[in-house]
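In: this one's sequence-less:
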C-alpha cells in the first residue's frame, strides 16, 4: 500500500513538472512572438520616420514670400543660387523700361517744342518732324513691352517659388519608380524598349 502511494506521488510530481516545463516553454514562445512583433513595429516606425512630413501650405507660403519680396520664396525653398538670377532679370527689365521712358520723354519734349515754333531742340538737323513722331511711337512701344516683360518676370518668380516648393515634397524613394529600359533580344538581335513600374509600400 505504501509503494502504491509513493508511485502515485511520483507520478503526480512527474505530471506537474512536465506541465510546468510545457507552460514555461509556452511562455518563452509567447515572449519571442511579442518581441518579434515589437521589432516589426519598430522597423515600421523607423521607416516612416525617415520620410519628412508633407506641409500642404509650403507652396503657397513660398509664393506669398516671392510676391512680397522677389527672391524671398527661393530663399524659403533654400535655392539661394536662384536669387541673383531673379534680381538680374527684374533689374534688366526695369533698366530698359526707365531708359525707354527717358528717351520717349526727350523725343516728346523736342516734338512739342517744334510744334510751339522753337528750333533749338537736341534733335535739330538729325530728325525731322515725321522722324520725331515715329521715334515717339517706337519708344512708347518699347517702354510698354519692357513693362510687360518685367511684370511677366515678377510673375515667373512667384510661379518658380511655388513649383519648387511642390517639387521639394515630391516622393522620390524607390517604392514608387518608373524606369525605362532597353535590351537587345539574343534571338533576333533586335532592340526592345520597355518601361518598369515599381509600386510598393
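Out: That came in fine, so what should we check first? As the structure is a prediction and not an experimental result, all values here were calculated from the model.
In: how many residues are close by residue 74?
Out: 24 (other C-beta atoms under 10 Å). Heads up, the C-betas are built off the backbone N, CA and C, glycines and all.
In: wait, a strand at residue 181?
Out: Yes - secondary structure assignment (DSSP: H, G, I helix; E, B strand; the rest coil) places residue 181 inside a strand.
In: mind checking what helix or strand follows the lowest-mean-pLDDT helix or strand in the chain in sequence?
Out: Taking mean pLDDT, DSSP states H and E as the measure, the helices and strands of the chain show their lowest mean at helix 2-49, namely a mean of 49. Helices and strands here follow DSSP states H and E; after helix 2-49, the next one along the chain is helix 58-68.
In: hmm, who's touching that next one?
Out: By C-beta atoms under 8 Å, 6 or more residues apart in numbering, the residues outside helix 58-68 that reach it are 72-77, 157-166, 168-169.
In: go again with 6 Å.
Out: Contacts to helix 58-68, defined as C-beta atoms under 6 Å, 6 or more residues apart in numbering, come from residues 72-73, 76-77, 157-158, 161-162, 165-166.
In: can you list the buried residues in it?
Out: Going by neighbour count (16 or more other C-beta atoms under 10 Å), the buried part of helix 58-68 is 58-59, 61-67.
In: for residue 112, state which of those is nearest.
Out: Distances from residue 112 to the buried residues of helix 58-68, taken as C-beta to C-beta, are shortest for residue 67 (39.3 Å).
In: how much space between that closest one and residue 143?
Out: In this view, residue 67 and residue 143 are 24 Å apart by C-beta to C-beta, to the nearest Å.
In: counting contacts, what elements does the helix or strand harbouring residue 137 pack onto?
Out: Under the criterion DSSP H and E, the helix or strand holding residue 137 is helix 129-168. If contacts are counted by 3 or more C-beta pairs under 6 Å, 6 or more residues apart in numbering; DSSP states H and E, helix 129-168 sits against helix 58-68, helix 82-115.
In: does anything pack onto the longest one? Which helices or strands?
Out: So that's helix 82-115. Using 3+ C-beta pairs under 6 Å, 6+ apart, the elements in contact with helix 82-115 are helix 129-168.
In: now the angle between helix 82-115 and the helix it packs on, please.
Out: 160 degrees (axes from the mean of the first three to the mean of the last three C-alpha atoms, to 10 degrees).
In: much appreciated, bye for now.
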